[in-house]
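Visitor: Predicted model and sequence follow; I will ask about them next.
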There are 2 protein chains.
Amino acid sequence: MTDKRIILNKSEMPSKWYNIVADMPVPMKPTISPRTMKPATPDDFIPIFPMGIIEQEVSEKDFIDIPEEVMEALSIWRPTPLVRATNLEKYLDTPAKIYYKNESVSPPGSHKPNTAVAQAYYNKKEGIEKISTETGAGQWGSALSFAGALFGIDIVVYMVKISFEQKPYRKSMIEAWGGTIYSSPTDRTESGRAIRKQHPDTNGTLGIAISEAVEHAATNDDTNYSIGSVLNHVCMHQTIVGEEALLQMKKTGDYPDVVIGCIGGGSNFAGLSYPFVREKIRDGKKTRIVGVEPFSCPSLTKGLYAFDYGDTAMVAPILFMHTLGHTFEPPGIHAGGLRYHGMAPTMCLLYDEKLMDAVAYHQNACFDAAVKFARTEGIIPAPETSHAIKAAIDEALEAKKEGKERVILFNFSGHGHFDMAAYDKYFSKDLEDYEYPSAKIEAALKELPKVEL
Amino acid sequence: MTDKRIILNKSEMPSKWYNIVADMPVPMKPTISPRTMKPATPDDFIPIFPMGIIEQEVSEKDFIDIPEEVMEALSIWRPTPLVRATNLEKYLDTPAKIYYKNESVSPPGSHKPNTAVAQAYYNKKEGIEKISTETGAGQWGSALSFAGALFGIDIVVYMVKISFEQKPYRKSMIEAWGGTIYSSPTDRTESGRAIRKQHPDTNGTLGIAISEAVEHAATNDDTNYSIGSVLNHVCMHQTIVGEEALLQMKKTGDYPDVVIGCIGGGSNFAGLSYPFVREKIRDGKKTRIVGVEPFSCPSLTKGLYAFDYGDTAMVAPILFMHTLGHTFEPPGIHAGGLRYHGMAPTMCLLYDEKLMDAVAYHQNACFDAAVKFARTEGIIPAPETSHAIKAAIDEALEAKKEGKERVILFNFSGHGHFDMAAYDKYFSKDLEDYEYPSAKIEAALKELPKVEL
């Protein structure tokens, strides 16, 4: 009887985060302050971030110790299992071996608490008792509320209006952990009021919700801001996923030929893949690294590589990244966690340097893959995660065509317990596939900020 | 750093189920056939159960091997973690040690798949490809649909109407695994049509849903029936929970002074507690065994100990158990999994023999305990599970009063991801506490079947 789940003991849990910046083949472009239009200094971040986080954001060290209090909080659900998808392999009748890292076992149901507990810890340590944030699909808002409950911090969440309406029970979950939640845009912030005036019928966007949460923190002395993806400290906190996976793959005797994850802001895939990218850069491993995004929000596969605002109201820092433009209004597809105009700058650099690939899929094909997965492996995936599953299945079918073994590893970033309405729509053939028009991207790109270095 | 979660490897997973019948201090009363009003024979069960299950139901052997295919299916999520509730202990400032067995980590989110995969396996082995069942809160219907997907069996679920309406996403979950679901009573069965005629506005009950599912199986040659609690084979399949917990407690160096679980039909608590009852009977351990039920459905604490039908339409077997009467119409409290008129006969015998205790609580007090748990330990409990948490917290507070250590173990039977509407009602102070009136119990008891042995 082969082990289906490869389990690590707590004593085997990695105790350091990995910082990919240390291994980048070319230097990262600086983050730009929207106030000065010059490279941001720690001073630009002090109103919204604790020093512990700012230091990590600008660090070039390759490994950073995880504080014991964070290790303790992580151990509520970590180490997470690495699972061999034996039933899916049999169903596909493939010579490929499919492994997935199951990040859905955390109490909020996704990878997001990996960084939420770290950010809550550093804020608490510096005396902060209130944090504002935004959330798209709700995974991040839930995770930060969970972390807030553990560390005694009040959490205020601005949730993108369409998701707020599609997923009423995310609100209940956030409230169960003691958080406060608003449907964004609100009339509580200048950014929110401006958007509501301009677009009274807006669905909201992650870009707008970020503007509101940043403004909330910047204008309230007792409140900091926290972000769930994109920035480097977030990606770094997620690398515990990949560090565990490296140890677990070693126990199987296999090494992945391809590492796969869905990408919205990039953090779950950064978490799984960066330790494998390190081995690619340092040890010459040939692993393919494949990010998967929706055709409806194709930041990496279609966006321009340029400086752009992280948010819609232009109050958040300017990042050098693949972007669809900060005024991007995404369609209401059901993978709300992938509806962001930009992408983590570290991931964009790896893509530009051809250290990783990206593919795009339509949502119906992804739900089809998700249902296959649920009916073989048992777990119902989040719509975001279904993108990674679709790519993993395609890899396994290619291996079958070639008649060769292929070791596939993907990140099972979250379960779909709060996304069942999307499954209902899929089953009733009520989901539309949508390809974001190039013309709209081109138009939005005209609004890019002018940055002179 | 103490281990928060005590993890077993797959190689340590218990490979036998435990049958409490072998250790009962007095003999069990027979199950009665509603057709003959005499002790049921295997022939009575052949139309609805496979022989593998019938043999287990009547077995008096103490240990039964778990088939390898079932072990393989269980290993998707088993062994489950035993967790030390360190954060809750700190919050309560108690000298007690609180442990919980986390059964919420299964894909359907509860202990129910422990028996669902076993029942699906035995049916599949005997060539059955369709199974009908009932579900209250939805945990069981989800679990059997999940097991049906793994073993290639079509599942038809009759879900109690009020829960069907309160929890629309249970339907979606069941459909994601390929199951079919109906709001009970339906007009698809004689039992359903009769009830609809008599009580057009009924909320449905578990008793009625059982009648429909049993009738469906009995009247369709290609379909068997499957039950999620009460009967002995079900309790036995759940004992893997307690067998794992025994091994895990050993690793901690502690032994529970008290073992706690919520009780509806009795199966989750049987699963955790029976191996500890065995050590109580065989080795003279002094462990207290405490079942927790709602005041609104007080089968053990207020019901009569008598022969009664397992269902409302009197098509299911007659069991000797604590019962509120088979015509019991429970109020719409939110712990739907605890709304059953009877109780597992094995558990009733243990209660009658004073080998276990029972307590009852109101739902608001249980939600209060659930929120405390969620904000300290991180996981949002199912309303059923909140009853066990409330009792565990009360034990910990008593220990504090006494200033003595006390080792508490409870079963975290399921998460509340599909019960968030109930949390909404709790937070908006919209939940009513309700004590089931003794007069109603007495009236219903007049309808007990007359059994002469």
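Guide: Good, I have the coordinates.
Visitor: ok, now how distant is the residue nearest the centre of chain A from chain B?
Guide: Note on chain A: the residue nearest the mean C-alpha position is A:Ser267, at 3.6 Å, using Cα atoms, centre = their mean. From A:Ser267 over to chain B the distance is 20 Å, taken as Cβ to the nearest Cβ, to the nearest Å. No exception for glycine: its C-beta is placed from N, CA and C like everyone else's.
Visitor: what about the closest residue to that residue other than its chain neighbours, which SS state?
Guide: For A:Ser267, ignoring the flanking residues on the chain, the nearest one in space by Cβ to Cβ, 6 or more residues apart in numbering or on different chains is A:Ser229 at 4.0 Å. Following DSSP: H, G, I helix; E, B strand; the rest coil, A:Ser229 is assigned to coil.
Visitor: and A:Ser229, what does it touch?
Guide: Listed by Cβ atoms under 8 Å, 6 or more residues apart in numbering or on different chains, the contact set of A:Ser229 reads A:Trp140, A:Cys235, A:Gly264, A:Gly265, A:Gly266, A:Ser267, A:Tyr340, A:Ala344.
Visitor: for the stretch 201-350 of chain A, what spans make up the helices?
Guide: Remark: helices assigned in the stretch 201-350 of chain A by DSSP state H, counting those that start in this stretch are A:206-218, A:232-238, A:240-252, A:267-283, A:299-302, A:345-352.
Visitor: ok, the residue nearest to the centre of chain A - contacts?
Guide: Counting by Cβ under 8 Å, 6+ apart, A:Ser267 makes contact with A:His111, A:Thr115, A:Gly228, A:Ser229, A:Val230, A:Val234, A:Cys235, A:Gln238, A:Ala344.
Visitor: Show me where the stretch 351-453 of chain A dips below the pLDDT cut-off.
Guide: Within the stretch 351-453 of chain A, no range satisfies pLDDT under 70.
Visitor: Around chain B, which positions in it sit nearby?
Guide: Within the stretch 351-453 of chain A, the residues that sit near chain B (Cβ under 8 Å from any Cβ of the partner chain) are A:371, A:374-380, A:417-418, A:420-421, A:423-424, A:427.
Visitor: need the strands for the stretch 351-453 of chain A, in chain order.
Guide: A:357-361, A:407-412 (DSSP state E, counting those that start in this stretch).
Visitor: angle of the longest one against helix A:267-283?
Guide: To tie it back to what came earlier, the one meant is strand A:407-412. If you take axes from the mean of the first three to the mean of the last three Cα atoms, to 10 degrees, strand A:407-412 sits at 150 degrees to helix A:267-283.
Visitor: what's the offset of strand A:407-412 from the middle of its chain?
Guide: Relative to the centre of its chain, strand A:407-412 is centred 16 Å away, using Cα atoms, centre = their mean, to the nearest Å.
Visitor: got the contact list for that strand?
Guide: Contact with strand A:407-412 is made by A:83, A:96-104, A:111, A:241, A:245, A:249, A:254-262, A:268-269, A:271-272, A:379, A:381, A:385, A:388-389, A:391-392, A:395-396, A:399, as judged by Cβ under 8 Å, 6+ apart.
Visitor: angle of that strand against helix A:240-252?
Guide: With the same axes, to 10 degrees defining the directions, strand A:407-412 sits at 150 degrees from helix A:240-252.
Visitor: List the buried residues in strand A:407-412.
Guide: Within strand A:407-412, the residues that count as buried by 16 or more other Cβ atoms under 10 Å in any protein chain shown are A:Val407, A:Ile408, A:Leu409, A:Phe410, A:Asn411, A:Phe412.
Visitor: could those be laid out in a markdown table, adding distance to A:Glu293?
Guide: A markdown table is the format used below for the buried residues of strand A:407-412 (distance: Cβ to Cβ, whole Å):
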| residue | distance to A:Glu293 |
| --- | --- |
| A:Val407 | 23 |
| A:Ile408 | 18 |
| A:Leu409 | 18 |
| A:Phe410 | 14 |
| A:Asn411 | 14 |
| A:Phe412 | 17 |
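Visitor: Can you tell me which of these comes closest to chain B?
Guide: A:Phe412 (11.5 Å; Cβ to the nearest Cβ).
Visitor: what's the closest non-adjacent residue to the closest one?
Guide: Sequence neighbours aside, A:Tyr100 is the residue nearest to A:Phe412 in space, at 4.4 Å (criterion: Cβ to Cβ, 6+ apart).
Visitor: ok, and the closest non-adjacent residue to A:Leu431?
Guide: In this structure, A:Leu431 finds its nearest non-sequential neighbour in A:Lys425, 5.0 Å apart by Cβ to Cβ, 6+ apart.
Visitor: Chain B contacts on the stretch 101-250 of chain A?
Guide: A:105, A:107, A:109, A:146, A:149-150, A:168-169, A:172-173, A:175-178.
Visitor: change it to 6 Å
Guide: Proximity of the stretch 101-250 of chain A to chain B, by Cβ under 6 Å from any Cβ of the partner chain, involves residues A:Pro107, A:Phe146, A:Ala149, A:Tyr169, A:Ser172, A:Ala176, A:Gly178.
Visitor: How many residues are close by the nearest residue to A:Phe410 once chain neighbours are set aside?
Guide: Closest residue to A:Phe410 apart from its sequence neighbours, by Cβ to Cβ, 6+ apart: A:Ile260 at 3.9 Å. A count of nearby residues for A:Ile260, using other Cβ atoms under 10 Å in any protein chain shown, gives 29.
Visitor: And A:Ile260, how far from B:Glu402?
Guide: 55 Å (Cβ to Cβ, to the nearest Å).
Visitor: average pLDDT across stretch A:230-238?
Guide: Across stretch A:230-238, pLDDT averages out at 98.
Visitor: same check, this time on stretch A:193-203
Guide: Average pLDDT, stretch A:193-203: 94.
Visitor: Endpoints of that stretch, how far apart?
Guide: Separation of the first and last residues of stretch A:193-203 by Cα to Cα, to the nearest Å is 14 Å.
Visitor: to the chain's geometric centre, what's the distance from that stretch?
Guide: With Cα atoms, centre = their mean, you get 26 Å for stretch A:193-203.
Visitor: Stretch A:33-47 now?
Guide: 24 Å.
Visitor: in that stretch, what counts as buried?
Guide: By neighbour count on 16+ other Cβ under 10 Å, the buried set for stretch A:33-47 is A:Ser33, A:Pro34, A:Ala40, A:Asp44, A:Phe45.
Visitor: Show residues contacting that stretch.
Guide: Outside stretch A:33-47, the residues that touch it by Cβ atoms under 6 Å, 6 or more residues apart in numbering or on different chains are A:Pro30, A:Thr31, A:Ile54, A:Ala218, A:Met314, A:Pro317, A:Ile318.
Visitor: Count the residues that sit near the second one.
Guide: Here the neighbour count serves as a burial measure; for A:Thr31 (other Cβ under 10 Å) it reads 21.
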